[in-house]
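Asks: Sequence first, predicted model second:
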Amino acid sequence: MATTTRSISSRRSIAPRATSEAESLVQDFITAGIDDLAKYRILRLLCEDPLTFEDTAYYAGYLGFHSLETTTALLEELVAAGILAKEHGQDAQRACYHLVDNVQVHRHLVWLYGDTDGPGERHDLLQALAYRSLKKAQDRAAAAERRLRDAERAAKCGAAPETRVSRM
């Protein structure tokens, strides 16, 4: 079985990918820790301007989110994946995020984002990541509803609600 190696400098067709190729591209992003649309957009911004060094509020505004908590969780996931670095500003309370200073990570991002140059590739990828984003939001909402129900039950029984740590 022959394997195909993708090159950063290779010319790409603008024709839509076959389903297996589109699935492979989505899997490449997920494996890299870019598993939803917001992370895709944050890293797209950073690939276009790799010197961006901003706080959570900046990224939340860029994404159009109203929740700093959700944006912080996304940024922290990218830090955990080794894609972003987190540094505290002079006031020590304001954390700023930027691309890690790692040539391999930068090359990998260029390769990933360069592989979505055609409209077919980008459409398939964005559609898959948007679905994953929606699913994550639904899961968070369901978990919040469960916590609320548990708290209401505990209040009726006069017991303290069980404390659960939520991972976004």
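Replies: Structure received. Note that the structure is a prediction, hence the values are computed from the model and not measured. Numbering: from 1, shown residues only.

Asks: Quick check, pLDDT for Met168.
Replies: On pLDDT, Met168 comes in at 48.

Asks: Please apply the same query to Leu78.
Replies: pLDDT at Leu78 comes out at 94.

Asks: Check Lys135 too.
Replies: Turning to Lys135, the model gives it a pLDDT of 86.

Asks: Mind giving me the packing neighbours of the helix or strand hosting it?
Replies: Here Lys135 sits within helix 119-157, counting by DSSP states H and E. Using 3 or more CB pairs under 8 Å, 6 or more residues apart in numbering; DSSP states H and E, the elements in contact with helix 119-157 are helix 19-31, helix 37-48. Using the backbone N, CA and C atoms, a C-beta is placed for each residue, glycine as well.

Asks: Of those helices, which shows the lowest average pLDDT?
Replies: By mean pLDDT, the lowest-scoring of the helices and strands packed on helix 119-157 turns out to be helix 19-31, with a mean of 76.

Asks: Assumed Gln93 was part of a strand.
Replies: No. Going by DSSP: H, G, I helix; E, B strand; the rest coil, the assignment for Gln93 is coil, not a strand.

Asks: Next one: the residue nearest to His108 when sequence neighbours are not counted from Val110, what distance?
Replies: Once flanking residues are discounted, His108 sits nearest to Ala32: 6.6 Å by CB to CB, 6 or more residues apart in numbering. Distance, Ala32 to Val110, using CB to CB, to the nearest Å: 12 Å.

Asks: Settle it for me: which of those two has more neighbours?
Replies: Ranked by neighbour count (other CB atoms under 10 Å), Ala32 and Val110 place Ala32 first, with 19 against 13.

Asks: Assign Ala85 to helix, strand or coil.
Replies: Using three-state DSSP, the secondary structure recorded for Ala85 is strand.

Asks: Excluding chain neighbours, what is closest to it?
Replies: Counting by CB to CB, 6+ apart, Ala85 lies nearest to Val100, which is 4.8 Å off, once chain neighbours are set aside.
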